[in-house]
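Novice: structure for the following, please:
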Amino acid sequence: MNGLLLTVTTWIHLLSAVVWIGGIFFILYVALPVARKTLYQPGKIMGPLSKRFVPPANISIFLIIASGIIMSINSHEDLTSLSGPRAQSLFVKILLVVIMASIHFYRGLILTPGIARLTSKGSNPEQVQKLQTLSLNLVKVNFILGMTVLLLTGVLYVYKA
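Specialist: A predicted model of the protein is given here:
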């Protein structure tokens, strides 16, 4: 693959990871704590903020997967045997990204609409609270997985050299 094309593909891959994982960091450690401290109903700001974040996150997930496939094809390495730390790290990284994407889309397509439906019906507030807690815990899991993916990216870089 042309050096410039590989550079742009790698840049897209890294930029997409920054948007997705950085967005999770911002929501968990900046926006949510501020909303909880300053607003009577933090959900009034967190709902619209999350809706605004979802489209760039979705695009980032697609770009991470597409650019990752391109970079893996370009590497010309036999990564199917899982022998050696580079192949093992890449396998775990791919597995974690698939889990992260699954959590992201589960929250966005199933859990969040379910919470909204229950809230609009005035359903059991305890059930709504449990689902909101589950949703927040899944975001935290995705953040931890994202940090692990970034660590594995460092491992891949070191073992490439």
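Novice: where does pLDDT dip in this structure?
Specialist: 1, 76-82, 161 (pLDDT under 70).
Novice: which strands and helices sit next to the helix ranked longest in it?
Specialist: With secondary structure taken from DSSP state H, the chain has its longest helix at helix 125-160. On a contact count with 3 or more Cβ pairs under 8 Å, 6 or more residues apart in numbering; DSSP states H and E, helix 125-160 meets helix 3-26, helix 85-106, helix 112-120. C-beta here means a position set from N, CA and C on the backbone, and glycine is covered the same way.
Novice: mind listing what's buried along it?
Specialist: By 16 or more other Cβ atoms under 10 Å, the buried positions in helix 125-160 come out as 128, 131-132, 135, 138-139, 142-143, 145-146, 149, 152-153, 155-156.
Novice: coming back round to it: switch the helices and strands packed on helix 125-160 over to CSV; also include mean neighbour count and distance to Ser72.
Specialist: Listed next are the helices and strands packed on helix 125-160 as CSV, based on neighbours: other Cβ atoms under 10 Å; distance: least, Cβ to Cβ, whole Å:
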stretch, mean neighbour count, distance to Ser72
helix 3-26, 16, 11
helix 85-106, 16, 7
helix 112-120, 14, 32
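Novice: out of these, nearest to Lys51?
Specialist: Nearest of the helices and strands packed on helix 125-160 to Lys51, taken as Cβ to Cβ: helix 112-120 at 8.9 Å.
Novice: before we move on, back to that, and the helices and strands packed on helix 125-160: which comes nearest Ser67?
Specialist: Closest approach to Ser67 among these is made by helix 3-26 (3.9 Å; Cβ to Cβ).
Novice: in the helix or strand immediately after the closest one in the chain, what counts as buried?
Specialist: Downstream of helix 3-26, the next assigned helix or strand under DSSP states H and E is helix 32-38. Of the residues in helix 32-38, Leu32, Ala35 count as buried by neighbour count, 16+ other Cβ under 10 Å.
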